[in-house]
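# could you look at this predicted model? Sequence included:
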Amino acid sequence: MDLRLIDESARNTVIILPDSSPLYQVETRTRWLSVQPTSIKKIDGAQAMDMAVVQIPMGLDITPVRQGLMSTSETFIASDGKSYKWKVEMGDLYLNVNDGSHTTIAIYDPGSLGFFSKMRAPTLTVTPQGMHIGDDIVATFIYMLQQQQRRRRRRNNR
């Protein structure tokens, strides 16, 4: 299943299905010089129900854990009891089953502005093997995007 982000920001966006119907709403309030936790709501028809709160450190039991000092990979235990690993490669995010098989269950393509290639919206693709933990994937995905943004800001401020 392909999920698209309406906005590039992982802090404030709506994640939509291929038919353009909304599935998740991501919202981060900012106060004077501070960022509040990010809330993720699952949208079901006209109702939006709280699903997760992402904060640094993350407020879920599925908080990803960094693999090493220089690594950008992070693992987490999903609601199905299995270990999964987010990896960053060439700007894309990949979620693999962390059992030695390295089966990819989600891929994030940040899209393209269309300067050197056709314009593409940012897309999170969840394979059929990952559908049963879709909420876990979305919550940890938002966390990973926010971590990437924090690392980029830190590098640029040096």
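Nice, thanks for sending it over. This one's a predicted model, so the numbers in the text were calculated from it and none came from an experiment.
# how about residue 94: what's its closest non-neighbour residue?
Take residue 94 and drop its neighbours on the chain: the residue closest to it by Cβ to Cβ, 6 or more residues apart in numbering is residue 87, 4.8 Å away. Yep, even glycine has a C-beta here, placed from its N, CA and C like the rest.
# so that neighbour, which state does it fall into?
strand (DSSP: H, G, I helix; E, B strand; the rest coil).
# again, but for residue 140
Looking at residue 140 with three-state DSSP, the answer is helix.
# touching, it and residue 76? I think so.
Yes. Residue 140 is within contact range of residue 76, at 5.6 Å (criterion: Cβ atoms under 8 Å).
# the more surrounded of the two?
Each of residue 140 and residue 76 has its neighbours counted (other Cβ atoms under 10 Å); residue 140 has more, 27 against 24.
# any idea how far the more buried one is from residue 97?
Relative to residue 97, residue 140 is positioned 14 Å away (Cβ to Cβ, to the nearest Å).
# quick one: mean pLDDT over stretch 51-64.
Mean per-residue pLDDT for stretch 51-64: 57.
# check contacts around residue 94.
Residue 94 sits next to 86, 87, 88, 104, 106, 107, 108 when contact means Cβ atoms under 8 Å, 6 or more residues apart in numbering.
# kindly report the same for residue 102.
Taking Cβ under 8 Å, 6+ apart as the test, what residue 102 contacts is residue 96.
# what's the pLDDT at it?
86.
# for residue 2, what are its contacts?
With Cβ under 8 Å, 6+ apart, residue 2 has these contacts: 18, 123, 124, 125.
# excluding chain neighbours, what is closest to the residue nearest the centre of the chain?
For the chain, the residue nearest the mean C-alpha position is residue 141 (1.7 Å; Cα atoms, centre = their mean). Excluding the flanking residues, the one nearest residue 141 by Cβ to Cβ, 6+ apart is residue 124, at 5.9 Å.
# element containing the one you found, please.
Here residue 124 sits within strand 123-126, counting by DSSP states H and E.
# buried residues in that strand?
For strand 123-126, the neighbour count (16 or more other Cβ atoms under 10 Å) marks 123, 124, 126 as buried.
# the residue nearest to residue 141 pairs with what?
residue 3, residue 108 (DSSP bridges).
# distance check, it against residue 132.
In this view, residue 124 and residue 132 are 16 Å apart by Cβ to Cβ.
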